[in-house]
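[1] Sequence first, then the predicted structure, then my questions.
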Amino acid sequence: MTFKLPEYHPPNFSASPFTEFPLARFEVVREDGVAPAGYHATSIYPEYFHVSKGEWRLIEESRMDCVVVREKGDALNVRPFRHLRVGDRVACGRLENGEAGIYVHAMGFDDPDRSEDKFQFRTRLTRETSFSIDYDELYDLLGY
C-alpha cells in the first residue's frame, strides 16, 4: 500500500454553533512556572482559539501538555510550564468543543476508522498514548 498524506478539513467557523461561542479566556500568571487554575493543556490535535468576534485562530506550532500564551501583539504561542513568567496570559477553559472559546479539532483528517471520542483509552489514536500502528504510519510518512 502506498502512503497517502491525509487531507486536512478545517472547521467552518462562520456557521453555527461557532458563531455563538464566547471568546477564549486568558488569565494572568501570578507565579513563574505556574499556570492559572483551569488552564487549557494542549493536545496532539489542531487547536483553535476564539480571539475576537468571528476570528478563530489556529495555534501553528503545538506541543502536547503545554499551555497557550497570548503574547503582546496577540500572537498565540505554546509554552511548557517551566517557561511561564509572571504577567503571561494563559488560555483557560476545560471544554474543548468551542463552549469556552477553545476548539480541539480531533476529526480534521480523513480517517473513516477513527472514533470521535478524543479521550479513548488504549485504542488506535488517543491523545495520551501511541501504539505501534502510529509508528507504522510515521515510517510510511517519513518514506513519503
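    Right, received. Where do you want to start?

[2] list the contacts for the residue nearest the centre of the chain?
    Geometric centre of the chain, nearest residue: residue 47, 2.9 Å, by Cα atoms, centre = their mean. Listed by Cβ atoms under 8 Å, 6 or more residues apart in numbering, the contact set of residue 47 reads 58-59, 62, 68, 102-105. In short, each C-beta sits where N, CA and C put it, glycine included.

[3] how much space between it and residue 143?
    Distance of residue 47 to residue 143, given as Cβ to Cβ, to the nearest Å: 28 Å.

[4] would you list every one of the helices in this structure?
    For the chain, the helices defined by DSSP state H cover 132-143.

[5] Sketch out the strands for it, chain order is fine.
    25-28, 47-52, 55-58, 67-70, 76-79, 89-92, 102-104 (DSSP state E).

[6] between the ones you listed, which one is nearest to residue 15?
    Residue 15 lies closest to strand 55-58 among those, at 11.6 Å (Cβ to Cβ).

[7] Name the residues of the closest one that come out as buried.
    56-57 (16 or more other Cβ atoms under 10 Å).
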